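Undergrad: Below are the sequence and a predicted model for it; my questions follow.
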Amino acid sequence: MKSEGIKVACENRKARHDYFIHETYEAGIELQGTEVKSLRAGKANLRDSYAEVKDGEIFVEHLHISPYEQGNIFNHDPLRRRRLLLHKREILKLFGKTREKGFTLVPLKIYFKQGRAKLELALASGKHNYDKRAALHEKSAQRDIERAMKERTR
C-alpha cells in the first residue's frame, strides 16, 4: 500500500481560534497555470478567506495566492475567485447547512495529496469573546499540567 505523501502548503491557524468546527470536507481546487508553483513554494494566505455556494457550485473567496516570480505574463490575479471540486450531494448538503443561522464555510488548510492540491473546508460557527477566553484558559491550564508532570518525572 502506498503511503500518502501529504505536504501542507498553508494553514489558517486563526480559524480554530475564531470558529467552532463542526465538520470538515476535502475539496479539490481548480487552479490556473502558475498558481500550483506558488502553492508549492508556500506563497498563499488563507487568513480572510471564506467559501460560498453559488448556482450549485462552491467558490472560495479572498484566498490570496501570490504571483509566481518566474511567471511573467502567465501570472494570475492573486485574489481571484476559485472553484472548489466536491460531489453534488456534498454541495447540496453544505448549501442547506449554510442557510441555517450562524453557519459558514471556512478554509482550514491547503495541502498536496498525491500531487494534487486539496483544500480542507470546514463547516463552522463563530465563537463569542467569552468562548475564546475560555479556550485560552483551558489551553493554558493544560500546558501547566503537562509542565508539572514533566518536572515530576525528572
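TA: Thanks, I have it. Residues are numbered from 1 along each chain as shown.
Undergrad: From here on, just use CA atoms for contacts and neighbour counts.
TA: Noted.
Undergrad: low-scoring stretches of the protein, by residue?
TA: 1-4 (pLDDT under 70).
Undergrad: for it, what's the longest helix?
TA: Longest helix in the chain, counting residues (DSSP state H): helix 129-152.
Undergrad: Spatially central residue in the protein, please.
TA: Leu108 (1.9 Å; CA atoms, centre = their mean).
Undergrad: Okay, and it sits in which element?
TA: According to DSSP states H and E, Leu108 maps onto strand 103-113.
Undergrad: And for that strand, what's in contact with it?
TA: Here strand 103-113 makes contact (CA atoms under 8 Å, 6 or more residues apart in numbering) with 4-13, 15, 46, 49-52, 97-98, 117-126.
Undergrad: how about that strand: buried residues?
TA: Within strand 103-113, the residues that count as buried by 16 or more other CA atoms under 10 Å are Phe103, Thr104, Leu105, Val106, Pro107, Leu108, Lys109, Ile110, Tyr111, Phe112.
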